[in-house]
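Peer 1: Have a look at this prediction, sequence included:
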Amino acid sequence: MIRISPSILAADFANLKPDVDDVRAGGADWLHVDVMDGLFVPNISIGIPVVKSLRKATDMFLDVHLMIDRPHRYVGEFCDAGADMVVFHVEADQPQDLFAAIEEVKAKGKMVGLSVKPKTPAEVLVPYLPLLDMVLVMTVEPGFGGQRFMHDQLPKIKTIAGMIAAVKPECLLEVDGGIDPTTSPLVKEAGANVLVTGSAVFGKEDRAAAIDAIRKA
């Protein structure tokens, strides 16, 4: 089953609830929420108050991606704000704090994932994989929307898909960055089953058609 998770980073923040309602009606499975702190990535986006507001405004599954420094400090608050899945970067914290953050999210009854940047090898995930509900592979450098898909990440997606199959088959594999009807078949063939898409959905007038094109490509 392929899940489509449109990123609100590409939505109109002055028109956020109607945009969210539109992609929900258009068949989106999840809603991807990109949180950036200006430290781990060179951009600042949104935080806990917006997640709280989204939780009140929609019943969609909130797929919250923390591109922040030392995420162990905040994962519990994002869970309490209404995130259904909290994903943070393996590069952003010390191993002991990553393990602690994973356990805190699980203790809150939420799903948990780890993300890897393009230059990070798949092997860093090995110690954590048995504990995860999802791995997120970035196919652009995190921090800004609208970037081009990095084709050199396809072998890593395949490698991680193999690791998941061997260690924890129920773990999901998400890909984020430059996903559209042209690139979605590539990542699906490599083993991805959750696709984050930004302007390829929110930038289109007919969001339902855009979601359908990415799902069926």
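Peer 2: That came in fine, so what should we check first?

Peer 1: Residue 159: neighbour count?
Peer 2: The number of residues packed near residue 159 is 17, by other CB atoms under 10 Å. Where C-beta positions appear, they are placed from N, C-alpha and C, glycine not excepted.

Peer 1: Compute the distance between it and residue 52, please.
Peer 2: 37 Å (CB to CB, to the nearest Å).

Peer 1: ok, now residue 177?
Peer 2: In terms of CB to CB, residue 177 sits 27 Å off from residue 52.

Peer 1: Looking at these two, which has the bigger crowd around it?
Peer 2: Legend: neighbour count by other CB under 10 Å for residue 177 and residue 52, higher for residue 177 (25 against 16).

Peer 1: tell me the contacts of the nearest residue to residue 26 once chain neighbours are set aside?
Peer 2: Distances taken as CB to CB, 6 or more residues apart in numbering place residue 208 nearest to residue 26, at 3.4 Å, with adjacent residues excluded. For residue 208, the contacting residues are 25-27, by CB atoms under 8 Å, 6 or more residues apart in numbering.

Peer 1: show me the contacts for residue 111.
Peer 2: 84-86, 105, 133-134.

Peer 1: Over to residue 143. Which of the three states is it?
Peer 2: At residue 143 the chain is in coil, as set by DSSP: H, G, I helix; E, B strand; the rest coil.

Peer 1: how many other residues sit next to it?
Peer 2: Neighbour tally, residue 143, other CB under 10 Å: 18.

Peer 1: likewise residue 12?
Peer 2: By the criterion of other CB under 10 Å, residue 12 has 10 neighbours.

Peer 1: and the nearest residue to it once chain neighbours are set aside, what is it in contact with?
Peer 2: Nearest non-adjacent residue to residue 12, counting by CB to CB, 6+ apart: residue 19, 5.6 Å away. Applying CB under 8 Å, 6+ apart, we find residue 19 in contact with 8, 11-12, 202.

Peer 1: Enumerate every residue touching the residue positioned nearest the centre of the chain.
Peer 2: The residue lying closest to the centre of the chain (CA atoms, centre = their mean) is residue 65, at 5.1 Å. Contacts of residue 65 were listed using CB under 8 Å, 6+ apart, and they are 32-35, 87-88, 115, 136, 176, 196.

Peer 1: Pretty sure it sits in a helix.
Peer 2: No - looking at residue 65 with three-state DSSP, it is strand, so not inside a helix.

Peer 1: for the chain, which spans come out with low pLDDT?
Peer 2: Counting by pLDDT under 70, the chain contains low-confidence residues at 144-146.

Peer 1: show me where it has strands.
Peer 2: For the chain, strands defined by DSSP state E occupy the ranges 3-6, 30-36, 61-67, 85-89, 111-116, 134-138, 172-176, 194-197.
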